[in-house]
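# Let's see this in three dimensions:
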Amino acid sequence: MKSTSPRTMAAGAHLLLVDDDTDLLRLLSMRLRASGYRVSTAETAEAALARLAVERFGLVVSDVRLPDRDGLALFEDIRRNFPALPVILLTAHGTIPDAVEATSRGVFGYLTKPFDSKALLDKIEQALQIGAAASATEDDSDESWRDEIISHSTRMATVLDEARLVAASDASILIRGESGSGKEVLARAIHRASPRANAPFVAIHCGAIPEQLLESELFGHVRGAFTGAATAHTGLFLAANRGTVFLDEIGDMPLALQVKLLRVLQDRAVRPVGSSRSEPIDVRILSATHRDLELALAEGTFREDLFYRLNVVTLTLPSLDERREDIPLLANHFLHILARKYRKRLRGFAPEALEALATAAWPGNVRQLQNVVEQACALATTPLIPLALVERALRVRSMEALSYAEAKQRFERNYLIQLLKLTDGNVSDAARLADRNRTEFYRLLQRHALTPSLFRGEHGGVASEQRKES
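Numbering: from 1, shown residues only. So this is what the prediction gives:
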């Protein structure tokens, strides 16, 4: 296969320019497009965040002085939601202390106006090559590693981009997320994208194995090591040699065993229960938890040294409530699988049933959605799943629109974005779900610099799924 240089891969990247100087935006856009980049623009921080919510970018270039907030505040929002996305700041008011503060907080680059165009292009290329170089040896057309992950959410896309980057290393990864959000599915995807893909992947649920058996299950035992040990047992760590060990719900591991796990990670060897000899192992460690490990550290129920061994890289999975645009996609995916399982001719969901799924509360996340769809499929007697079966499976009323008068600014913007994603940018449908008239809803969109056309035809939300069924 013909190799691709990082410079070639950087060309064609999608850049977001943020500046309230329209003349500068136009000039920079022309220069960057002439250099082979795709360019989108925003004149405020809110408009930039709205674009980031619906489009994927390789880099953000932002002015420090913006009408609604400064560039460093925008950077903090970007870092919180898209930690791998590089940001370059521009300012006409730059000082050495400003540059030091910006770079110390994680800003990739800092240029003072007026700046040399070549200097900006060089800085952009450097930022893009960080990601491009990491994947230069990979076949970008091969997405089979993430086949089990069904999503077109920008939040999930960011997590998957980070997962693909760190999969190539041997760094230990801590996957955080609510129960049912898909932590093991992501761990398996990381394993498939790693150099260890052809070796075993062994998942261990630390809270499901009785404490007195956990050490033997993890590290093995010799014959006669304890009452009932009639034969030797290899142990899961040795079974995963040259592959990946996934420690699910690591926060539930007993303190005594945490000490032994730390020794295994330090020595890269395991000693089976009852044995006087250690055996070397070569495994990559992935772990996951829904617990607040920082709180567990403060309470003394989790070891600090083990925490830092496991938490070299953190990936945080969004809850299903944070990726609602994925609900119609996931629901229909599960339906087609279950239709084959139950040998039923099911075509999809009635529009009102799909709307109920899209607006319901999902404390159990993707796992709960799958269970609800399975119950509805099992009881279905018609090709389209009706609302009544969905409501029966949910056992709770659908979530009602929140009052905008009580919502805070950030929540309000995210809420509007989710509505537009669900309705495929259809303002009438979004206004109806929000229980607002179109005029008032347009005012809300304008307040947050949200453009409905950005959401049309991109996400396949409730509106588009309903059109498929009609």
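# Model confidence at L213, what's the number?
Looking at L213, its pLDDT stands at 80.
# Where does the prediction get shaky in this protein?
Residue ranges of the chain with pLDDT under 70: 1-11, 93-105, 130-142, 224-230, 396-408, 457-470.
# how does it divide into domains?
6-135, 152-316, 320-394, 409-469 (automatic domain parsing).
# From one end of the third one to the other, what's the distance?
Terminal residues of domain 320-394 are spaced 15 Å apart (CA to CA, to the nearest Å).
# What are the boundaries of the strands in the stretch 351-470 of the chain?
For the stretch 351-470 of the chain, applying DSSP state E, counting those that start in this stretch gives strands covering 384-385.
# nope, the chain is what I meant
With strands called from DSSP state E, the chain shows them at 14-18, 38-42, 59-63, 87-91, 109-112, 173-176, 201-205, 244-248, 269-270, 279-280, 284-289, 313-316, 348-349, 384-385.
# could the ones you listed be laid out in JSON lines, adding distance to D122 and mean neighbour count?
In short, each C-beta sits where N, CA and C put it, glycine included. JSON lines is the format used below for the strands of the chain (distance: least, CB to CB, whole Å; neighbours: other CB atoms under 10 Å):
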{"stretch": "strand 14-18", "distance to D122": "14", "mean neighbour count": "22"}
{"stretch": "strand 38-42", "distance to D122": "17", "mean neighbour count": "18"}
{"stretch": "strand 59-63", "distance to D122": "13", "mean neighbour count": "25"}
{"stretch": "strand 87-91", "distance to D122": "11", "mean neighbour count": "24"}
{"stretch": "strand 109-112", "distance to D122": "9", "mean neighbour count": "18"}
{"stretch": "strand 173-176", "distance to D122": "32", "mean neighbour count": "23"}
{"stretch": "strand 201-205", "distance to D122": "42", "mean neighbour count": "18"}
{"stretch": "strand 244-248", "distance to D122": "38", "mean neighbour count": "24"}
{"stretch": "strand 269-270", "distance to D122": "47", "mean neighbour count": "19"}
{"stretch": "strand 279-280", "distance to D122": "46", "mean neighbour count": "13"}
{"stretch": "strand 284-289", "distance to D122": "36", "mean neighbour count": "26"}
{"stretch": "strand 313-316", "distance to D122": "28", "mean neighbour count": "16"}
{"stretch": "strand 348-349", "distance to D122": "51", "mean neighbour count": "24"}
{"stretch": "strand 384-385", "distance to D122": "55", "mean neighbour count": "19"}
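# of the ones you listed, which approaches V427 most closely?
When the strands of the chain are ranked by distance to V427, counting by CB to CB, first place goes to strand 38-42 at 20.3 Å.
# Just want the angle from the closest one to strand 59-63.
Counting by axes from the mean of the first three to the mean of the last three CA atoms, to 10 degrees, strand 38-42 lies at 40 degrees to strand 59-63.
# partners of strand 38-42, with directions?
Using DSSP bridges, the strands paired with strand 38-42 are strand 14-18 (parallel).
# returning to that earlier point: nearest to H233, out of the strands of the chain?
Nearest to H233, of all these, is strand 269-270, at 11.9 Å by CB to CB.
# other SSEs contacting the closest one?
Packing contacts for strand 269-270, counted by 3 or more CB pairs under 8 Å, 6 or more residues apart in numbering; DSSP states H and E, involve strand 279-280.
# And the strand it packs on, what does it pack against?
Using 3+ CB pairs under 8 Å, 6+ apart, the elements in contact with strand 279-280 are strand 269-270.
# Partner strands of the strand it packs on and their direction?
Here, using DSSP bridges, strand 269-270 pairs with strand 279-280 (antiparallel).
# is it true that E391 touches A356?
Yes - taking contacts as CB atoms under 8 Å, E391 lies within contact range of A356: 6.3 Å.
# more crowded one of these two?
A356 (21 against 18; other CB atoms under 10 Å).
# does the more buried one really touch L389, like I thought?
No - contact criterion CB under 8 Å: A356 and L389 do not qualify, at 10.1 Å.
# circling back: out of the domains of the chain, which is closest to E143?
Comparison of those against E143 by CB to CB identifies domain 152-316 as nearest, at 9.4 Å.
# from the chain's centre, how far out does the closest one sit?
Centroid separation for domain 152-316 versus its chain: 20 Å, with CA atoms, centre = their mean, to the nearest Å.
# can you give me the helices in the stretch 301-450 of the chain?
In the stretch 301-450 of the chain, helices defined by DSSP state H, counting those that start in this stretch lie at 304-310, 327-341, 351-359, 365-379, 387-394, 409-422, 427-434, 438-447, listed in chain order.
# Would you mark the buried spots in the third one?
By neighbour count, with 16 or more other CB atoms under 10 Å as the criterion, the buried positions of helix 351-359 are 351, 353-359.
# Pick the one among the residues you listed closest to A50.
A358 (20.3 Å).
# Tell me how far R392 lies from I385.
According to CB to CB, to the nearest Å, R392 and I385 sit 11 Å apart.
# anything in contact with each of those two?
A376 (CB atoms under 8 Å, 6 or more residues apart in numbering).
# Show the residue spans covered by the helices in the stretch 151-300 of the chain.
Listed in chain order, the helices of the stretch 151-300 of the chain (DSSP H, counting those that start in this stretch) span 154-167, 183-192, 211-219, 236-239, 255-267, 293-299.
# between these, which gets nearest to R284?
Closest to R284 of these, according to CB to CB: helix 183-192, at 7.9 Å.
# Keeping just the C-alphas, turn the closest one into PDB.
C-alpha atoms of helix 183-192 as PDB (Å, rounded to 0.1, in the frame of the first residue of the first chain):
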ATOM      1  CA  LYS A 183     -17.300   0.400  28.600                       C
ATOM      2  CA  GLU A 184     -16.500  -3.200  27.700                       C
ATOM      3  CA  VAL A 185     -17.600  -2.700  24.100                       C
ATOM      4  CA  LEU A 186     -15.100   0.200  23.900                       C
ATOM      5  CA  ALA A 187     -12.400  -1.900  25.600                       C
ATOM      6  CA  ARG A 188     -12.800  -4.700  23.000                       C
ATOM      7  CA  ALA A 189     -12.700  -2.100  20.200                       C
ATOM      8  CA  ILE A 190      -9.400  -0.700  21.600                       C
ATOM      9  CA  HIS A 191      -8.000  -4.300  21.700                       C
ATOM     10  CA  ARG A 192      -9.000  -4.900  18.100                       C
END
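# Tell me which other helices or strands that helix touches.
Using 3+ CB pairs under 8 Å, 6+ apart, the elements in contact with helix 183-192 are helix 154-167, strand 173-176, strand 201-205, strand 244-248, strand 284-289.
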